[in-house]
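S.K.: Fold the following and give me the result.
(chains A, B, C and D)
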Number of protein chains: 2
Amino acid sequence: MAIYTANALKAELNERGWRLTPQREIILNLFQNLPEGNHLSAEDLCNKLQEQGDPISLSTIYRTVKLMARMGILRELEFAEGHKHYEINQPYPYHHHHLICVKCNKTIEFKSDSILKIGAKTSEKEGFHLLDCQLLIHAICPTCQRSLFPN
Amino acid sequence: MAIYTANALKAELNERGWRLTPQREIILNLFQNLPEGNHLSAEDLCNKLQEQGDPISLSTIYRTVKLMARMGILRELEFAEGHKHYEINQPYPYHHHHLICVKCNKTIEFKSDSILKIGAKTSEKEGFHLLDCQLLIHAICPTCQRSLFPN
DNA sequence: ATGAATATTGTGTATTATTCTCAATAAGCT
DNA sequence: AGCTTATTGAGAATAATACACAATATTCAT
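M.R.: Below is the predicted model of the structure:
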């Protein structure tokens, strides 16, 4: 589990002239306590927050999640359902990649140290500051291969 | 350059009970003649087709591009602008990956044989039929690193 | 070749994720 | 404690994509 305290978040935010708010802290906590492999859409996040008694507006959720992705705290995952998913961004060996069936959206996670190395080396070479690197494999799962005339 | 003839497309389509239409053939041709590294959004594609004297409706474009991605003919690229881009899907050494600045969307392409191998091995292991594999690196480019308070 | 069966197209409309606007509030600095 | 201004919440606006359906065109069997 990552241990990313509210204070660390505050320091990073303040450094750029931004502020730590209860909403941002709550959202960070929620992601940190999410079991590995879970990823949430903005809507999912909104519901979960409501359930746990910390309702936060959808606007703020969208803004916060985007901000944290840009800070490298969250990973922005683009599957094929038409909306983004977010999860906490952790280093190897928690870091993982996704194999996705383009027909039924079934998703399998897998890990790879060497991909992480390639990502780091590539961004360094270009002078970029690495935030996240993810291998996205689009494929057709065994079940969907068998169904001959799906949509 | 890939040489993927209209006949090959027709064969693949008919095999599944689908049909080759002039629109599909035109769209395939356009992508095949696109210089390496170019990728188009649905809107881009619509404009380009209009310009070249082959107007095709936006609905058909969305349908065709989705179909071809599912067939493995096109790659679906998800950058951060909020809409998808498409390009022809080619094997190594044409196959490439993307390093993207999350602030200004500057994109750098790079190639990697080993990623392709990891993608192939992973999908094979899970019994998936590989369509496309792309490493997506989110980072901050040198220019945006220097600008301290950008959005 | 011809015709029947049905996949595909184009037009317009609907949907859905995400962003924007703006007044009210609250975090951070002096 | 007060001032400055970043942030929030509510709702409206935007934009990408999907959908519905009548008209058309491709395929396959004859």
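
S.K.: Give me the phi and psi angles of the closest residue to A:Arg24 other than its chain neighbours.
M.R.: Excluding the flanking residues, the one nearest A:Arg24 by Cβ to Cβ, 6 or more residues apart in numbering or on different chains is A:Thr64, at 5.7 Å. Every C-beta, even on glycine, is put in place using the N, C-alpha and C of the backbone. With angles defined as degrees, to the nearest 10, A:Thr64 sits at phi -70, psi -40.

S.K.: and A:Thr64, how many neighbours?
M.R.: Applying the criterion other Cβ atoms under 10 Å in any protein chain shown, we find 22 residues in the vicinity of A:Thr64.

S.K.: What of A:Ser59?
M.R.: Using other Cβ under 10 Å, A:Ser59 has 9 other residues around it.

S.K.: Quick check: it vs A:Gln23, distance?
M.R.: Counting by Cβ to Cβ, to the nearest Å, the gap from A:Ser59 to A:Gln23 is 11 Å.

S.K.: Just give the closest residue to A:Leu28, not the sequence neighbours.
M.R.: Nearest residue to A:Leu28, sequence neighbours excluded (Cβ to Cβ, 6+ apart): A:Leu9, at 5.9 Å.

S.K.: can I assume that neighbour sits in a helix?
M.R.: Yes: counting by DSSP: H, G, I helix; E, B strand; the rest coil, A:Leu9 is found in a helix.

S.K.: Give me the pLDDT for it.
M.R.: A:Leu9 carries a pLDDT score of 94 in this model.

S.K.: hang on, it packs against A:Glu25?
M.R.: Yes: counting by Cβ atoms under 8 Å, A:Leu9 touches A:Glu25, with 7.0 Å between them.

S.K.: Chain A - how does it break down into domains?
M.R.: Chain A breaks down into these domains under automatic domain parsing: A:1-90, A:91-151.

S.K.: do the helix or strand bottoming out on mean pLDDT in chain A and chain B meet at all?
M.R.: Lowest by mean pLDDT, DSSP states H and E among the helices and strands of chain A is helix A:142-146, with a mean of 82. Yes: with Cβ under 8 Å from any Cβ of the partner chain as the criterion, chain B is reached by helix A:142-146 at A:Pro142, A:Gln145.

S.K.: Next, the buried residues of that helix.
M.R.: Neighbour counts using 16 or more other Cβ atoms under 10 Å in any protein chain shown place A:Cys144 of helix A:142-146 among the buried residues.

S.K.: Report all helices and strands that the top strand by length along chain A contacts.
M.R.: Counting by DSSP state E, the longest strand found in chain A is strand A:129-140. The contact analysis (3 or more Cβ pairs under 8 Å, 6 or more residues apart in numbering or on different chains; DSSP states H and E) places strand A:129-140 against helix A:58-71, strand A:74-78, strand A:97-101, helix A:113-125, helix B:113-125, strand B:129-140.

S.K.: Let's see that with 7 Å instead.
M.R.: For strand A:129-140, the packing partners by 3 or more Cβ pairs under 7 Å, 6 or more residues apart in numbering or on different chains; DSSP states H and E come out as strand A:97-101, helix A:113-125, helix B:113-125, strand B:129-140.
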